[in-house]
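[1] everything below, folded, please.
(2 chains)
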Amino acid sequence: MPITTLLLLALCLAFVSFVIGRQRAYAVAKKNGGTKNLHSLPGHYGLMTGLWCALPAIAIIVGWKLFEGPIVSSLLDSSIPQAIHDRGSIAVDLYKNEINNLAASGNIAAEPSIEKQNAANRLISVRSYSSIALLILTIAAAVIGASLAYRKIKTDTKARPIVERIVQFFLVAAASIAILTTIGIVFSVLFEALQFFKQVSIVEFVTGTKWSPQTAIRADQTGASGSFGAIPLFMGTLLISAIAMLVAVPFGLMSAVYLAEYASIKTRSIVKPLLEILAGIPTVVYGFFAALTVAPLIRRMGESIGLSVASESALAAGIVMGIMIIPFVSSLSDDVITAVPQAMRDGSAGLGATKSETVRKVVFPAALPGIVGGILLAASRAIGETMIVVMAAGLAANLTLNPLEAVTTVTVQIVTLLTGDQEFDSAKTLAAFALGLMLFVTTLILNVIALRVVRKYREQYD
Amino acid sequence: MTEPTSGESNVNESNSSQPDPSSGGDNAVSSTSVTQRRDTTELVKATLARRYAAEKRFRWYGIIAIGASLAFLLVLLTSIFIKGWPAFTHSYVKLNVSLDADSLDVAENPTDKQIRAANFSGVIKKSLRERFPDVKKRKAKKELYQLISGSGEYLLSDKVRANPELIGQTIDVWFPADDELASLLKSGDDLSDPDSIVTRMSHQQIGFAKALLDAGETQTRFNKTFFTSGNSAEPEQAGIKAALVGSALTLLVTFLLSFPIAVAAAIYLEEFAPQNRWTDLVEVNINNLAAVPSIVFGLLGLAVFINYFQLPRSAPIVGGIVLSLMTLPTIIIASRAALKSVPPSIREAGRGLGASDQQVVWHHVLPLAMPGIMTGTIIGLAQALGETAPLLMIGMVAFIVDIPQGFTDAATVLPVQVFLWADMPERAFVEKTSAAIIVLLGFLILMNAIAVLLRKKFERRW
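    Numbers count the residues shown, from 1 in each chain, chains lettered A, B, ... in the order given. Next up is the predicted model:
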């Protein structure tokens, strides 16, 4: 029975017990002189019954489904002949897959042997037992929970605090998902990265200058030995991000200054949302535009003045990425510029400074920490940006600072290494996680510094 | 500035050739400072033109920055619109097909199965040959056959199966043109001058096209296929329906997960959380997660949900989970702002009437904050709709022909479809890609418009 059906069943049972519980509460109230003599509202008793019904049932379903796979798989292990075990884990996985397919569809490529057929039959029977057991357990838990709660419906049972405590628990759990996510990211990336560093030394990874992640499939193959020096990727990322920042910072900052200091309220109310459209356009659209329109344009322009430009030049990706970040820089700078107290501007104007002098010599220095924070956030976004570079930057890991050549970035390599089918524990796939770890740590550091700077700055003027 | 120091500086400056314009305004007593003041005034006057020019320049920088950003937006949107518009129509060619049983290779009263096996492509080829009887050479015939899309025979087959009496008759049928022919016909180029046209078609094929066009046997209609079919390697048969359904399913999962969790987390953090380190940690985490590159969430999804929990690859359920983790921070931050804007007097009034803290929240604060929360949610979902990179990591880059039926079927989403088509070499896929982008942007505009409307309609100033 699929998990959604089971969950729906549990929810239906919960609703039924909610109704029963509430009716019971009314009945109890009637006997004791009206609802005013109950500790809580009848609805709270209903909710209590419903929660006591649903929670154990759902816990059982979720727990069962989490552990069913591994347990069934280990049961399957016992029916695999020793000969296969001797051939290593890949052969075992293959064997298991065949049995799974046999159980699911009844046929596999080769004529199934008797052992396989038996194993498949066993698998089917284990699964059906498991499914029936789960169904019975779920219903039992729901009914027991509900009836326990039902018996507790009395005038002095504190149903509201009970319900509220459960609800409070869920609120805390929901808030903690943010932490769980962070932990999940750190562990998933870190574990795989550590696996990778067992195969490739971390020194080679961080200091090597050659990146060609093609590893040999068989040990006796020659040539494609794979080298994992990530310096070209870091340089490529930095190059493209630097170009992006060179575009985004002046344009974003000047837009923000104009909007905050010069523009009338009406202009501001029109231009600001328009600029924000730039931030709302999906990055894949920018990537398409960069690859199809901007890159050929730059190539043609370069050729007309006698420069050879790669068709996947860093310049095209960088410029388009910069344009994408403009609204990001401008809205963050706008916030900090408007947070500078008016008194400082008035003081400067009183001394005879023009508006631009005020902006350059008073507002700007005052807002600088906040602006720097904003720029750092924008830089972290540029470093982590994926789609534009995947579509418009190259795959070749050239170690160069020439923006007209093709470079590759960390994110491009992660995507290339992980799309398509490959073994999960090959050095090639694991390298993607090591790159992911680098990416995560870098952006995290940038973000933490930026957020701290911005927050400090806000406190200064609030 | 005190009197003596100011006097001192005046003495110093009267010796120097360049007096400081900022001092000497106050003390008109001594004769030196009178000349000083005149100097200053003249100095200010002398530099005024330059300063005003600088002011004007500065202003222009701002206008240029904004103008350039908006111009880019305009260029981006128009170029995509111009490229994508033709994809919403497709050209059809009228052919006179004789469906005699002989050339179809079927019996007199064929069964459905026999019709399905009938030689429709031969019939189409024959009618093409009859339409252009001069064509004799093998190569020329091959070129002629290329004019009609490969889907023509299925169209004809469906027609005959729906109405078997057609066998033996000669009918006029509009066949979808091949993608190259369609681009040629839609471009409106002058077909009598084949050398001026950029196309992969040969001169002979252009001649066929001209003959068909002049005879009025071509027609350009709304391209229904684009909205009713899945992906295909043939541009004229490729459509976005599978991607649209995939996007809808993924977004539904995202909404169902992120909305309740985000609202619960926001309520906890804004209304109940004690000021302690745990709360601080949660808040820092949420702010950081909002700035983590989206591709890292993809790595999390791959390592945890696919490799550890063995959820199916390419499935909307995994995509939805990953995207909801990614959008959670956005929605939480927006919801907190909405909850914060509800004035404390509402809460106090509720408590004054005897409501518990949670009753105050559920009955009063949350409903009042709902418009703001919904706005934030829609904006978060719009972000999720345009996201590509994390979905590449969890294998939603599959080539999806069939419309996904459920949350665990292999699916792709609209932005990933854009990414996939952007890589295709055929020219017709450029317009398909642009058209898919137009549809995507249309949805994003719709969602943002709803968010703005919600805010306008329900926003309350307290």
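
[2] can you tell me the closest non-neighbouring residue to residue 299?
    Going with chain A. Nearest residue to residue A:299 in three dimensions, chain neighbours excluded: residue A:309, at 4.6 Å (Cβ to Cβ, 6 or more residues apart in numbering or on different chains). Where C-beta positions appear, they are placed from N, C-alpha and C, glycine not excepted.

[3] should've been chain B
    Closest residue in space to residue B:299, ignoring its immediate chain neighbours: residue A:436 at 4.5 Å, by Cβ to Cβ, 6+ apart.

[4] same question for residue B:182.
    For residue B:182, ignoring the flanking residues on the chain, the nearest one in space by Cβ to Cβ, 6+ apart is residue B:91 at 4.2 Å.

[5] for residue 142, what are phi and psi?
    All of this is about chain A. Here is the backbone geometry of residue A:142 (degrees, to the nearest 10): phi -60, psi -50.

[6] so it touches residue A:13, yeah?
    Yes: at 4.5 Å, residue A:142 counts as touching residue A:13 under the criterion of Cβ atoms under 8 Å.

[7] what do these two both touch?
    Counting by Cβ atoms under 8 Å, 6 or more residues apart in numbering or on different chains, the shared contacts of residue A:142 and residue A:13 are A:53-54, A:57.

[8] for the chain, longest helix please?
    Since no chain was named, I'll use chain A. helix A:159-199 (DSSP state H).

[9] looking at chain B here, not the other one
    Counting residues, the longest helix found in chain B (DSSP H) is helix B:31-84.

[10] how far away from the center of its chain is it?
    Centroid displacement of helix B:31-84 relative to its chain, using Cα atoms, centre = their mean, to the nearest Å, is 36 Å.

[11] now do that helix: which elements does it pack against?
    Here helix B:31-84 touches helix A:231-257, helix A:265-280, helix A:283-289, helix A:314-339, helix A:355-358, helix B:3-15, helix B:427-458, going by 3 or more Cβ pairs under 8 Å, 6 or more residues apart in numbering or on different chains; DSSP states H and E.

[12] as CSV, those helices with distance to residue B:111, mean pLDDT and mean neighbour count would be great.
    Formatted as CSV, those follow (distance: least, Cβ to Cβ, whole Å; pLDDT from 0 to 100; neighbours: other Cβ atoms under 10 Å in any protein chain shown):
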stretch, distance to residue B:111, mean pLDDT, mean neighbour count
helix A:231-257, 62, 94, 24
helix A:265-280, 55, 90, 15
helix A:283-289, 48, 93, 27
helix A:314-339, 58, 92, 25
helix A:355-358, 85, 92, 18
helix B:3-15, 110, 41, 13
helix B:427-458, 37, 90, 19
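
[13] so who does whatever residue of the stretch 251-400 of chain B ends up closest to chain A touch?
    Per Cβ to the nearest Cβ, residue B:293 is where the stretch 251-400 of chain B lies closest to chain A, at 2.4 Å. By Cβ under 8 Å, 6+ apart, the contact list for residue B:293 reads A:380-381, A:383-386, A:411, A:439-440, A:443, B:389.

[14] quick one: name whatever helix or strand follows the longest helix of chain A.
    Remark: after helix A:159-199, the chain's next helix or strand is helix A:202-207, criterion DSSP states H and E.

[15] picking that back up, of all the helices and strands packed on helix B:31-84, which one comes closest to residue A:170?
    Across these, residue A:170 has its closest neighbour in helix B:427-458 (26.4 Å, Cβ to Cβ).

[16] find the closest residue to chain A in the stretch 1-150 of chain B.
    residue B:62 (2.6 Å).

[17] so what's that residue up against?
    Contacts of residue B:62 by Cβ under 8 Å, 6+ apart are A:254-255, A:257-259, A:262.

[18] which parts of the stretch 51-200 of chain B sit against chain A?
    B:51-52, B:54-55, B:57-59, B:61-66, B:68-70, B:72-73, B:76, B:79-80 (Cβ under 8 Å from any Cβ of the partner chain).

[19] the same query, at a cut-off of 7 Å, please.
    Counting by Cβ under 7 Å from any Cβ of the partner chain, the positions of the stretch 51-200 of chain B adjacent to chain A are B:51, B:54-55, B:58-59, B:61-63, B:65-66, B:68-70, B:72-73, B:76, B:79.

[20] which of the residues you listed are buried? Put it as a ChimeraX command.
    In ChimeraX syntax, the buried subset of these is picked out as below (16 or more other Cβ atoms under 10 Å in any protein chain shown):
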select /B:55,58,59,61,62,65,66,68,69,70,72,73,76,79
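
[21] specify the angle between the longest helix of chain B and helix A:265-280 in degrees.
    Between helix B:31-84 and helix A:265-280, the angle comes out at 50 degrees (axes from the mean of the first three to the mean of the last three Cα atoms, to 10 degrees).

[22] spit out the contact partners of residue A:256.
    Residues in contact with residue A:256 (Cβ atoms under 7 Å, 6 or more residues apart in numbering or on different chains) are A:330, A:333-334, A:337.

[23] the contacts of residue B:62: which ones sit near chain B?
    The subset of the contacts of residue B:62 within reach of chain B, counting by Cβ under 7 Å from any Cβ, consists of A:254-255, A:257-258, A:262.

[24] can you redo those residues as TSV with distance to residue B:143?
    Converted to TSV, the ones next to chain B among the contacts of residue B:62 look like this (distance: Cβ to Cβ, whole Å):
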residue	distance to residue B:143
A:254	57
A:255	54
A:257	61
A:258	59
A:262	63
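
[25] ok, so of the residues you listed, who is nearest residue B:130?
    For these, the residue nearest residue B:130 by Cβ to Cβ is residue A:255; the value is 64.5 Å.

[26] is it correct that the closest one is in contact with residue B:67?
    No: Residue A:255 lies out of contact with residue B:67 (Cβ atoms under 7 Å); the separation is 9.4 Å.

[27] just the ones of the contacts of residue B:293 in strands?
    Among the contacts of residue B:293, no member is found in strands (DSSP state E).

[28] can you report how many residues neighbour residue A:369?
    Neighbourhood size, residue A:369 [other Cβ atoms under 10 Å in any protein chain shown]: 16.

[29] helix or strand for the nearest residue to residue B:390 once chain neighbours are set aside, which one?
    Spatial nearest neighbour of residue B:390, chain neighbours left out: residue B:298 (3.3 Å); criterion: Cβ to Cβ, 6+ apart. Assessed by DSSP H and E, residue B:298 sits inside helix B:294-300.

[30] mean confidence (pLDDT) on the helix or strand following that helix, please.
    Sequence order places helix B:316-340 as the next helix or strand after helix B:294-300, per DSSP H and E. In this model, helix B:316-340 has an average pLDDT of 94.

[31] which strands or helices does helix B:316-340 pack on?
    Here helix B:316-340 touches helix A:159-199, helix B:241-267, helix B:277-289, helix B:294-300, helix B:366-385, helix B:389-393, going by 3 or more Cβ pairs under 7 Å, 6 or more residues apart in numbering or on different chains; DSSP states H and E.

[32] circling back to that earlier point, so for the longest helix of chain A, mean pLDDT?
    Helix A:159-199 carries an average pLDDT of 90.

[33] still on that earlier bit, how about the CA coordinates for the very next helix or strand once past the longest helix of chain B, as CSV?
    Per DSSP H and E, the first helix or strand lying C-terminal to helix B:31-84 is strand B:89-98. Extracted in CSV, the C-alpha atoms of strand B:89-98 (Å, rounded to 0.1, in the frame of the first residue of the first chain):
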residue,chain,number,x,y,z
THR,B,89,2.6,29.1,-34.9
HIS,B,90,3.4,26.3,-37.2
SER,B,91,3.2,25.8,-40.9
TYR,B,92,1.1,23.1,-42.5
VAL,B,93,1.2,21.8,-46.0
LYS,B,94,-1.9,20.6,-47.9
LEU,B,95,-1.5,17.3,-49.7
ASN,B,96,-4.0,15.3,-51.7
VAL,B,97,-3.6,11.8,-50.4
SER,B,98,-5.4,8.8,-52.0
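
[34] other residues contacting strand B:89-98?
    Residues contacting strand B:89-98 (Cβ under 7 Å, 6+ apart): B:123-124, B:127-128, B:131, B:147-148, B:156, B:170-177, B:181-182, B:185-186, B:212, B:217-223, B:225, B:236.

[35] surely residue A:370 meets residue A:456?
    No: taking Cβ under 7 Å as the definition, residue A:370 is not a contact partner of residue A:456, at 9.0 Å.
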